[in-house]
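Undergrad: Predicted model and sequence below, questions to follow.
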Amino acid sequence: MINLVIGKINSGKSKFLEHHYAKHQTGDGYVARKIIDDGNVIGFQALRLATGETRMWMIHERFYRQDFIRHGQIGPYFFNRDLFDEIVETMKSLIGKGVAPLYVDEVGQLELDGDGFDATMRLLVEKDVECYVSVRRHLIGLVVDRYHLDEYRLIDVEEQ
């Protein structure tokens, strides 16, 4: 079952995923943790749920200090593409090993354009893996259409 964890930007989708994993202690995956300094989001770390390991994933262009080799940009954030590719490979391996549920944070415009977690989402659907995927509310229909989701459950973090 695909569980779409929905809400607006900054509504708590990532926190929901992290808390859900902590409560059930099963499965694996990644969530994005905001790095905030003096009220400003300066970047995001990728947290692997099963190990607790965090690594720098994205950093605002104003704060980039060669933290990683940047391979792209999403809005004002420089993107650690090497880490992203590593996450995708890890998720592929977890799917192959039958680990469930898996957590994906988040599926958005990048995936709708065929990048990011697009291949991961396709594999999750193809293999019918139980997963929790964060999606911004305004993209629900597009995500459902792109991945041909016949059966899915919506979990609205703003109603929790």
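TA: It's in. Residues are numbered from 1 along each chain as shown.
Undergrad: show me where the protein has strands.
TA: Read by DSSP state E, the chain holds these strands, from start to end of the chain: 2-7, 28-37, 40-48, 54-60, 73-74, 77-79, 102-107, 131-136, 152-156.
Undergrad: And those: which comes nearest V144?
TA: strand 152-156 (6.8 Å; Cβ to Cβ). Glycine gets a C-beta too; all of them are placed from N, C-alpha and C.
Undergrad: Among the strands of the chain, show the one with the smallest mean pLDDT.
TA: When mean pLDDT is averaged over each of the strands of the chain, strand 73-74 scores lowest at a mean of 83.
Undergrad: list the helices and strands it packs on?
TA: Contact partners of strand 73-74 among helices and strands, from 3 or more Cβ pairs under 8 Å, 6 or more residues apart in numbering; DSSP states H and E: none.
Undergrad: who are the neighbours in contact with H20?
TA: With contact set as Cβ atoms under 8 Å, 6 or more residues apart in numbering, H20 has these partners: 103, 132.
Undergrad: Can you report how many residues lie near the closest residue to G43 other than its chain neighbours?
TA: For G43, the nearest residue in space outside its immediate sequence neighbours is I59; the separation is 3.6 Å by Cβ to Cβ, 6 or more residues apart in numbering. Counted with other Cβ atoms under 10 Å, residues neighbouring I59 total 23.
Undergrad: Specify the beta-bridge partners of I59.
TA: G43, F78 (DSSP bridges).
Undergrad: Contact partners for it?
TA: Going by Cβ under 8 Å, 6+ apart, I59 touches 35, 42-44, 67, 77-78.
Undergrad: Look up the closest residue to the most centrally placed residue in the chain, ignoring the ones flanking it.
TA: Geometric centre of the chain, nearest residue: D105, 1.5 Å, by Cα atoms, centre = their mean. For D105, the nearest residue in space outside its immediate sequence neighbours is V31; the separation is 4.3 Å by Cβ to Cβ, 6+ apart.
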